[in-house]
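S.K.: fold the following.
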Amino acid sequence: MSGRVKRKAAPAARVAGKIVNVAERDGQLPVVVIGAGPCGLAAAVAIQQQGIPVVVFDRGAVASSVASYPVYMTFFSTADKIAIAGMPFPLATDKPTRREALAYYRQVVSHFRLDVRQYEPVVAVWRRKHEFVVHSRPLGGDVVETSARAIVVASGYSGSPNLLGVPGEELPHVSHLYREGHEAFQREAIVVGGGNSAAESALDLWRHGARVTLVHFGPNFDKNIKPWVLPDLQNRMTDGLIKVRWNTRVTAIESGRVHLEGKDGPGILPAQHVYLMTGFAPSTELLASLGVSVNALTGVPSHEAASMETNVPGVFIAGVLASGFDANKVFIENGRGHGGVIARALGDEGSG
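M.R.: Purely as a prediction, here's the structure:
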C-alpha cells in the first residue's frame, strides 16, 4: 500500500485524531491523484516512476469517463494517441472502441500495480502544516483520512453536465448521458445538441428504430463533427428519417413531451426519451476549496504550463481541467503528457 491510512467512524468532513502515514515507515508521503481517468492514470504512473508513492482516488471505476461513453462508440483518435505511460496499445484496426479502451486502461493499472481506490470519492482536502490531508469515503463505508505530499486533480468533466436550467430536466426519462438506442425502439426520442455526441446519438437511435428529432439552438452542426458521421446524418435528414429543429431551444420538459421556442415561435413535440447532449463543465469546487484561482471567463484554473502546478504550491492539475470551459482544447492525446511534467516538477522538488 502506498500510503498508510486510518479509518474513522465519524462521518464528518474532517476527522479528529492521530493520523499514521507512510512517512513513519519509509520517509515519504504519497502524492494523491484525484481521478482515475486516462490522464490521472498517466500522471500516477509518471510520478510512481520517480520513486514517489501514489494513491489514486475515483468516485467510480477506473476510466469511468470512458465507461460512460455510448456502448458501441469508436474513438476519433487512433490507439497510439490514447495510449499512456509508454505502454503499447496493440490493435488490429485503426481506431479503438470503447470496450478496447477500457480493457487497455485496466491493463495499465494492473501492469504498473497502481494503488487505485475505486468508488471512493474525495470529500475534502486541506493543508495541515507541511502536508495535505485528504478525506475520502468508500462506497457504503466510513471516512478515510490520508496524508499527502502533493495533490493532483485530474477529475475531468464527468458528473458535471451543462444544464439547460429548464423545468423537468430532472425527470427520469431525461439523461445527459447516452448509452445505446435499444431503449427507445419505436418510441419518440428528442436529442438536444449540435456536437459529436448529439450527432452520433441521433444516428444510433434511428438505427435502433426510434423516431428521432434533433434540436439545436444554432443554425447548423458544430465544426468538430467527425467527418465520417456528418454525411451519414445529413443523408438521414434529407430523407426525412431524422427530423431536425435548428435555431430552437427547449424551454420545458414534461412527461411525454417537450416545449420548444424557435424562429417560428413556440411549439410542442412528443418525447418519451430526452437526451441532453449539451456537454460537461469543469468541476472546480475542490480546487477552489484549496485556494486555487479559477478564471471566471475561461474556467481555467491558475497554473504554470511548465509544471501544471497551480497558484497553491503542491496542488497540480492534469487533463481536461486545464482547458476550462473549452472542452475541445484538451483530450487524452494531449492531456496524457501532463503527468510527465508534474512528475519532473515533483522529482526536482525532492532533489532540491
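
S.K.: going by C-alpha atoms from here, please, whenever you check contacts or count neighbours.
M.R.: Noted.

S.K.: all helices of the stretch 51-200 of the chain, in order?
M.R.: Counting by DSSP state H, counting those that start in this stretch, the stretch 51-200 of the chain forms helices over residues 64-67, 79-82, 98-111, 196-207, given from the N-terminal end onward.

S.K.: contacts for the third one?
M.R.: Under the criterion Cα atoms under 8 Å, 6 or more residues apart in numbering, residues 38, 41, 62-63, 66-67, 69-75, 85, 87, 89, 116 lie in contact with helix 98-111.

S.K.: next up, the contacts around Asn73.
M.R.: Quick fix: residue 73 is Met, not Asn. 97-98.

S.K.: measure it to Leu102 for me?
M.R.: For Met73, the distance to Leu102 equals 12 Å [Cα to Cα, to the nearest Å].

S.K.: Asp58: neighbour count?
M.R.: Asp58 is surrounded by 25 other residues when neighbours are defined as other Cα atoms under 10 Å.

S.K.: for it, give me phi and psi.
M.R.: Note on Asp58: its backbone torsions stand at phi -150, psi 140 [degrees, to the nearest 10].

S.K.: residues contacting it?
M.R.: Asp58 makes contact with 34-36, 116-122 under the criterion Cα under 8 Å, 6+ apart.

S.K.: domain ranges for the protein?
M.R.: For the chain, automatic domain parsing gives the domain ranges 6-160+280-351, 174-276.

S.K.: got any ranges where the stretch 151-300 of the chain has weak pLDDT?
M.R.: For the stretch 151-300 of the chain, the stretches with pLDDT under 70 are 158-159.

S.K.: dump the contacts of Asp58 into TSV; add pLDDT and distance to Gly195 as well.
M.R.: Converted to TSV, the contacts of Asp58 look like this (pLDDT from 0 to 100; distance: Cα to Cα, whole Å):
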residue	pLDDT	distance to Gly195
Ile34	97	28
Gly35	96	25
Ala36	97	26
Val116	98	33
Arg117	97	33
Gln118	97	31
Tyr119	96	30
Glu120	97	32
Pro121	95	30
Val122	96	31
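
S.K.: among these, who's most crowded?
M.R.: For the contacts of Asp58, the largest neighbour count, defined by other Cα under 10 Å, is 33 neighbours, found at Gly35.

S.K.: what secondary structure does Gln234 sit in?
M.R.: Counting by DSSP: H, G, I helix; E, B strand; the rest coil, the backbone at Gln234 sits in helix.

S.K.: before we move on, back to that, looking at the domains of the chain, which is nearest to Gly168?
M.R.: The closest approach between Gly168 and any of these, judged by Cα to Cα, belongs to domain 174-276 at 4.6 Å.

S.K.: now stretch 253-265, how far from the centre of its chain.
M.R.: In terms of Cα atoms, centre = their mean, to the nearest Å, the centre of stretch 253-265 is found 30 Å from the chain centre.

S.K.: same check on stretch 125-145?
M.R.: What separates the centre of stretch 125-145 from the centre of its chain is 22 Å, taken as Cα atoms, centre = their mean.
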